[in-house]
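Undergrad: can you look at this prediction? I've put the sequence above it.
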Protein chains: 4
Amino acid sequence: MSSNSSDQPKLKVGILGATGTVGQRFVVLLASHPYFVLHALCASSRSAGKSYSAATKWKLASPMPSSVADQVVDSCSVTKESRLLECDVVFSGLDASVAGSIEAACAAAGLAVFSNAKNFRMHPNVPLVVPTANAEHLAPLIAAQRAQGAQMWVQELLREAPDGHAADYIDPELFVDGGCIVTNSNCSTTGLVVVLRALQAVFGPATKVHVTTMQAVSGAGYPGLPVLDVFDNVVPLISGEEEKLETEPRKILGTVEGARVADAELLVAAACNRVPVLDGHTLAVSVSFRDSAKVEPEAAMEALRAYVPPPGEEVWARCPSFPHGVGAVRVADEADRPQPRLDRECGKGMTVSVGRVRKCNLFDLKFVALTHNTILGAAGSSILNAEIAVAQGLIKGSK
Amino acid sequence: MSSNSSDQPKLKVGILGATGTVGQRFVVLLASHPYFVLHALCASSRSAGKSYSAATKWKLASPMPSSVADQVVDSCSVTKESRLLECDVVFSGLDASVAGSIEAACAAAGLAVFSNAKNFRMHPNVPLVVPTANAEHLAPLIAAQRAQGAQMWVQELLREAPDGHAADYIDPELFVDGGCIVTNSNCSTTGLVVVLRALQAVFGPATKVHVTTMQAVSGAGYPGLPVLDVFDNVVPLISGEEEKLETEPRKILGTVEGARVADAELLVAAACNRVPVLDGHTLAVSVSFRDSAKVEPEAAMEALRAYVPPPGEEVWARCPSFPHGVGAVRVADEADRPQPRLDRECGKGMTVSVGRVRKCNLFDLKFVALTHNTILGAAGSSILNAEIAVAQGLIKGSK
Amino acid sequence: MSSNSSDQPKLKVGILGATGTVGQRFVVLLASHPYFVLHALCASSRSAGKSYSAATKWKLASPMPSSVADQVVDSCSVTKESRLLECDVVFSGLDASVAGSIEAACAAAGLAVFSNAKNFRMHPNVPLVVPTANAEHLAPLIAAQRAQGAQMWVQELLREAPDGHAADYIDPELFVDGGCIVTNSNCSTTGLVVVLRALQAVFGPATKVHVTTMQAVSGAGYPGLPVLDVFDNVVPLISGEEEKLETEPRKILGTVEGARVADAELLVAAACNRVPVLDGHTLAVSVSFRDSAKVEPEAAMEALRAYVPPPGEEVWARCPSFPHGVGAVRVADEADRPQPRLDRECGKGMTVSVGRVRKCNLFDLKFVALTHNTILGAAGSSILNAEIAVAQGLIKGSK
Amino acid sequence: MSSNSSDQPKLKVGILGATGTVGQRFVVLLASHPYFVLHALCASSRSAGKSYSAATKWKLASPMPSSVADQVVDSCSVTKESRLLECDVVFSGLDASVAGSIEAACAAAGLAVFSNAKNFRMHPNVPLVVPTANAEHLAPLIAAQRAQGAQMWVQELLREAPDGHAADYIDPELFVDGGCIVTNSNCSTTGLVVVLRALQAVFGPATKVHVTTMQAVSGAGYPGLPVLDVFDNVVPLISGEEEKLETEPRKILGTVEGARVADAELLVAAACNRVPVLDGHTLAVSVSFRDSAKVEPEAAMEALRAYVPPPGEEVWARCPSFPHGVGAVRVADEADRPQPRLDRECGKGMTVSVGRVRKCNLFDLKFVALTHNTILGAAGSSILNAEIAVAQGLIKGSK
């Protein structure tokens, strides 16, 4: 086995929704990737044909990579001519309103899609994977999808495509087996499940989690929130967010049984808030375990420090986006950390920062967790999921 | 009985710590008060002798009242000559590091002190009162203090004064019976207990409360927090705050038994955070009741809308700072409210805004509460407590 | 002469664009006005028929006045039945895209319109008045309009109405003489001209002004700017703003000659910037005068302190929105003021704050000026203009 | 000649004031430098002996480099034993209150000091160099200093050291010739002079500059500004800043004549403001030239795009901190740029972004310039100055 990624042949990748805020993050992360090569930048028909710099309202603090500025933007439709079809991996930063039909069309055309959209997260055969929490879900569920062939995704396409006009999205002649869709979780779920998985490794199953989020504005994309709504303000509602945060962890922390996931027996209560922070979701968490006996703050911090997520070092060594050196979880030494401005870049945004691990009057433990919402919480998870799949031989560069 | 405050003779009031941020709020609220007349503005010896405008770094958005700009600042010491001794009511916005000895000295000199400091909140004979939550604690505990005479406060003075140098704070010849100290709660506690009291009026005793706070920067005073600590940031630690929030509600929601309060049987778990908001503490709360049977969001909202805090309308009619018209609690109609920027001024900052009352997966209810931290959460509570005491004949203007 | 406004009979007023952000400010300022009575709240046909609270996304920190919450919103069209026609004064907070035709229709129907929109500011017979700078323009230019009768506004209506469909806005049977339009300046112009007028009173004509603005986000209305555009940011372009700021002061500081204004001989160079401030435009100004000889910072501060704008105390005494007590200009004593958070509410938002008056290496003087952009810079100016017109007998309550 | 820096032998470097905010920026920039090797981290005696991570309140968004966390902090005093003496280059991020004596002591001990402090900027023999504006000042003025030997700095030490206690800073036995001090400009000056130099290359000497700054809070260090002073606010005074901005450009744009600089004949008028931005100073500039004839916006943009600062490509090729690829100046294509959040990282913070180049009513041109205030505006300039000196053979690694 190779101990790093330098032997990995280059793979062509496409981005769906490349001009949006998640798409921009994909572009930044992939522009300097050791083996993924940006091949197709896809966006709405309004943008198609323009240069990427002309089509994009760039809103990231890090400048647009010069290598993509002049690349021509494609549409998201799957046709014989489209560069998408030449890709080995497709990343999706599409909005949920269009992601379903486009991603299904790609999968029906045999493409491996790694999606940040919510549409297929709860599909029984689709892995919902936070890479540093439950990467072991990837292989069996990708296999389960492939066992069903293109037909599975043709059916989803019919379901998702408005008025059943699936042919608007893909030419039936392009249907081919071998495609798959892998999803990652909602940005507010991401940090929570990484920490829970690390604690469960030592304490056994968590049964009750109370989480209050303080979420960054970048999570709402661009134009997103009007400044008058967040300036000097907290907005105590993020539509649909609490439902996701109360549901997704059950699947992510569940176990694969055959072709699907058996949910964890976990109750989550969530309260989601938008705060005037640019990047980085902060979570105030209380948690109880089935067996509370040995749950102590010191032991919890030790568990977090020792945590090596599955599938383990051998695979991580071949994943360039894994936060090598820092690790999947970093425990803050300072009493008033983690803080989004100071800790969100930890591990290049791929590490979950945890602090204030302490006893709780009503649960076993209280702690604070912080995740970079557009890196580990979005594009970064998709990319690391794809790297794991490559490292495990689930994706082959035949193109 | 008089139905309003217009019959009330004028009363002379003093402010301890008048130049600080809580003191500034006292000044704004009292400058236009119908019967409290600003008589003594007291601050450190560094400020004494200067004009109020020269001694004060004014940091409120509302301008300094012109009536106080030229008033001369006094020191906080209690001597035969001090204007403090001429006051009928003394408000304290002192920092805890000095509040103990100065407030005890005032009480030992027969003054009625309404304090925002934490020093005596947990003293068994001192009422800890959020005016729109537990005003019924006032009369019996003030009586309990007066029954003990000046001696009670002389003892506290000896305990609080450094090296027992009590005489540095008050001349023993000035000891006189009849003084008292009334405290109000920590700013983050305030909104919580008002809502709990309103709910308890219909649902009976609450037993478990989980609260995550998102607190405004004005709570830390001036200079308070460096901008580099709160800009684009959340600080998940406010030193000592969680302890107060887990302790104070038990006394406030307790019942007076004889000369002291029997704590409520209530467990509170708190997680306190500083967010980039100027004024207004937002609380995400989950709560369970001893008898959960009839607890439903609709019934809760009805209870909150119907809530008239003790001691009832007859007294409130004589309290100018009570939020007449709006009420002690306002239930937001909009799904994404309350929000600090839009709701903190509700009822001139004396109303608690509540919203998002909904079911919780782990408790009976979840909701969001918002309090103006320097009005109802600080100076406003002290003033309304004093107005209740006046309306109930507990304070007489003999001076 | 009456020395105050208490003798003034009530006058019915309407608001065009009542649900927008400038309209909301009109509502707050007029809800407690001593003699203007809110009669017609007009907005788009989408809002017409709804209650004001249902039609409005309220975004001001001060709560919506309870008196208007249930008032039914009217459309902006002028018909025999519309409440608009019953008004003595109409205030316009309309967007420029629709203000032209609607305001012209109102004026053609004989209404007195006080508008915050830019459409007619440069019309030779329309007064462009910042009330505390050039109120003497009001009477002669209103007279000039009235001398032309309804026909003047019918022509403007034909010009402004798309495809000349003027009849969509007003029934020709309603044309009646006596209407007029009065405009106030752009929000960034307002503070500048008040200070210049005060300085010119002592130093004579200003000839060169260099102004760099740091403007608040509320100036862009709601939804206005996406948070990602202003958070941790400065946007050095406000479309069309520099042109207004370089043009309007010439008319405002000009002199009425016959039926029109002769522009002042003044060159203005402007650089306009948006900064992360909620309310309050800050201006860094350098200015030179035709006669520089006696221009000194001390003399300038004296001139600013002594400034009583035309038409003088006798009229101001009858204008409830004039900042009595504080004055049209306040000179800050502190070296680091004015600051928007601390000074924008000065004079209830109707006073211009000035500070740092000092020598300039390239002009005669440098100083900093601050205006509340939605009060004196918008709705407040319209209202005070109308009060002056009432005090001068230019508006009569015949309805 | 070598075309890059890979041949350059490693050089040992020290940082004075390593725990402060400028010091932290030095640490980040130097931790991964190709040939400067962090050897001595020096701070106050309070920090000396602690590990760098224990001694430092880290406030940068990019994490502390792991390589320095355990390094032991030294004091700033120059003794036989101090690691400082082993350094080839010393960078100073000291506060002006202590920088004078410490830097002079280092120079008297033969060290090459590159300082961000203001103390010696105006010394006639000390180069005041913004590396991408006037690097040609370096060689002749360093030579001028060396010609005077250690004695020059011993005299400065006597002048700067309190009570003439120079021996508290350095042991006279350590005096040795060959030391020198190079300074870089105030952070608000930096961006201005780079642009002026680029324009002067085509248009000839600038004669009048009007500049209004909107400066980031990081410029004030930590703790720096209380949040209550900058939240929702502009502070129109930065003490001493306007003086620096009106003075330093004259030296920087001057010409070396013998051992000193003849100032440029340039009048600068500055108005400095603090705005709620974390990093990045935005400047609104108007400028006139001696010969205005050919000054046009298009020509100006062309000049800015074509600008290659002295001493030219051959030297820059050997300077790793020069913004290769992007260049010293970047002209924004978008009408509303540069903006600090989007453009400050341009060229890794070493490029000045310029936009809105347009005609001005009162000067020849108006434009907006943006500089990262703690990179090019502080630590980055010091480092690039040192790299130029190394590339030009002015510093030799004899240690």
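TA: Okay, I see it.

Undergrad: show me where chain A has its strands.
TA: A:11-16, A:36-43, A:74-75, A:89-92, A:112-115, A:180-183, A:206-215, A:255-257, A:260-262, A:267-274, A:281-289, A:329-331, A:352-358, A:365-371 (DSSP state E).

Undergrad: save these as JSON lines, and put in mean neighbour count too.
TA: For every residue, glycine as well, the C-beta is placed using N, CA and C. Below are those laid out as JSON lines (neighbours: other Cβ atoms under 10 Å in any protein chain shown):
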{"stretch": "strand A:11-16", "mean neighbour count": "25"}
{"stretch": "strand A:36-43", "mean neighbour count": "23"}
{"stretch": "strand A:74-75", "mean neighbour count": "20"}
{"stretch": "strand A:89-92", "mean neighbour count": "30"}
{"stretch": "strand A:112-115", "mean neighbour count": "28"}
{"stretch": "strand A:180-183", "mean neighbour count": "28"}
{"stretch": "strand A:206-215", "mean neighbour count": "25"}
{"stretch": "strand A:255-257", "mean neighbour count": "12"}
{"stretch": "strand A:260-262", "mean neighbour count": "17"}
{"stretch": "strand A:267-274", "mean neighbour count": "24"}
{"stretch": "strand A:281-289", "mean neighbour count": "26"}
{"stretch": "strand A:329-331", "mean neighbour count": "23"}
{"stretch": "strand A:352-358", "mean neighbour count": "25"}
{"stretch": "strand A:365-371", "mean neighbour count": "27"}
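
Undergrad: quick one, which of the ones you listed is nearest to C:R290?
TA: Comparing the strands of chain A against C:R290 with Cβ to Cβ, the closest turns out to be strand A:267-274 (53.8 Å).

Undergrad: which residues sit against that closest one?
TA: A:188, A:207-215, A:217, A:219-220, A:225, A:230, A:234-238, A:241-242, A:245-247, A:249-250, B:212, B:214, B:282, B:284, B:286, B:360-363, B:366, B:368 (Cβ atoms under 8 Å, 6 or more residues apart in numbering or on different chains).

Undergrad: same question, stretch A:74-84
TA: Contacts of stretch A:74-84 (Cβ under 8 Å, 6+ apart): A:14, A:16-17, A:39-45, A:48, A:85, A:90, A:94, A:98, A:102, A:105-106, A:109, A:111, A:168-171, A:173-174.

Undergrad: got the residues of the stretch 201-350 of chain A near chain D?
TA: A:231-232, A:325, A:341-346 (Cβ under 8 Å from any Cβ of the partner chain).

Undergrad: how close does A:I252 get to A:V295?
TA: According to Cβ to Cβ, to the nearest Å, A:I252 and A:V295 sit 21 Å apart.

Undergrad: so for these two, which sits in the more crowded spot?
TA: The residue with more neighbours, out of A:I252 and A:V295, is A:I252; 28 against 21, by other Cβ atoms under 10 Å in any protein chain shown.

Undergrad: which residues of the stretch 101-250 of chain A lie near chain C?
TA: Residues of the stretch 101-250 of chain A found near chain C (Cβ under 8 Å from any Cβ) are A:217-218, A:222-232.

Undergrad: same list, the residues you listed, but as TSV with neighbour count and distance to chain B please.
TA: Formatted as TSV, those follow (neighbours: other Cβ atoms under 10 Å in any protein chain shown; distance: Cβ to the nearest Cβ, whole Å):
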residue	neighbour count	distance to chain B
A:V217	25	10
A:S218	28	11
A:Y222	18	17
A:P223	14	17
A:G224	18	15
A:L225	23	11
A:P226	21	12
A:V227	25	11
A:L228	24	8
A:D229	22	8
A:V230	25	9
A:F231	25	7
A:D232	23	5
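
Undergrad: which two in those are spaced the farthest apart?
TA: Comparing every pair within those by Cβ to Cβ identifies A:Y222 and A:D232 as the most remote, at 20.9 Å.

Undergrad: so, low pLDDT: which residues of chain A?
TA: A:1-6, A:398-399 (pLDDT under 70).

Undergrad: could you redo the last one with a cut-off of 90?
TA: A:1-7, A:61-62, A:160-172, A:333, A:396-399 (pLDDT under 90).

Undergrad: got the domain ranges for it?
TA: A:11-186+A:380-391, A:188-372 (automatic domain parsing).

Undergrad: using TSV, lay out these together with distance to C:A133.
TA: Formatted as TSV, those follow (distance: least, Cβ to Cβ, whole Å):
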stretch	distance to C:A133
domain A:11-186+A:380-391	39
domain A:188-372	29
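
Undergrad: is chain B contacted by stretch A:300-308?
TA: No. Under the criterion of Cβ under 8 Å from any Cβ, chain B is not reached by stretch A:300-308; the shortest gap measures 15.6 Å.

Undergrad: how far out from the middle of the chain is that stretch?
TA: Offset of stretch A:300-308 from its chain centre (Cα atoms, centre = their mean, to the nearest Å): 22 Å.
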